[in-house]
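A.B. asks: coordinates only, no sequence provided:
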């Protein structure tokens, strides 16, 4: 059964303009309907939508609406240029994508190498600081031993003085 009460919903087409669309739907279908009539249902479903164009104030069929949409998108100019190369157009596109990816990879690799070099410099600096700290610790231990000897000598001297008095 064809539902004649369609609904108008807001519909946003990126990079173009907002439009509204009206779509009719079939109701009360059995589960095997889509399997049985898949091809004809798909064809009907793609053509049963009307799009409202607020600039021209008219309803457009799917075919006419997407025709106007394609005419306004400049990115589709690339495909005819690629086909100008003949059958090599696809290979030119793949080569371009490959070179672009390679350039991005090299840029990322340079950043990683710079970070690695900086990490290596920091590690070397930390090693130098650790060596200096070890030397300072060694000097501190020698001074502590010298102080311990001096205090022992002072204690021995004090014991002699207290024993002699």
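C.D. replies: That came in fine, so what should we check first? These figures come from a predicted structure and were not determined experimentally.
A.B. asks: show me how far the longest helix seen in the chain is from its chain's centre.
C.D. replies: When secondary structure is assigned using DSSP state H, the longest helix within the chain turns out to be helix 89-164. For helix 89-164, the distance from its own C-alpha centre to the chain's C-alpha centre is 35 Å (C-alpha atoms, centre = their mean, to the nearest Å).
A.B. asks: swap in stretch 50-70?
C.D. replies: Shown here is stretch 50-70, whose average C-alpha point lies 35 Å from the average C-alpha point of the whole chain (C-alpha atoms, centre = their mean).
A.B. asks: can you give me the mean pLDDT across it?
C.D. replies: Averaging pLDDT along stretch 50-70 gives 78.
A.B. asks: next, the buried residues of that stretch.
C.D. replies: Counting neighbours by 16 or more other C-beta atoms under 10 Å, one finds that the buried residues in stretch 50-70 are 50, 51, 52, 60, 62, 65, 69. Glycine gets a C-beta too; all of them are placed from N, C-alpha and C.
A.B. asks: tabulate these (CSV), appending distance to residue 108 and secondary structure.
C.D. replies: Converted to CSV, these look like this (distance: C-beta to C-beta, whole Å; DSSP: H, G, I helix; E, B strand; the rest coil):
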residue, distance to residue 108, secondary structure
50, 48, strand
51, 43, strand
52, 46, strand
60, 45, strand
62, 43, helix
65, 41, helix
69, 36, helix
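A.B. asks: I'm done for today, thanks for sticking with me.
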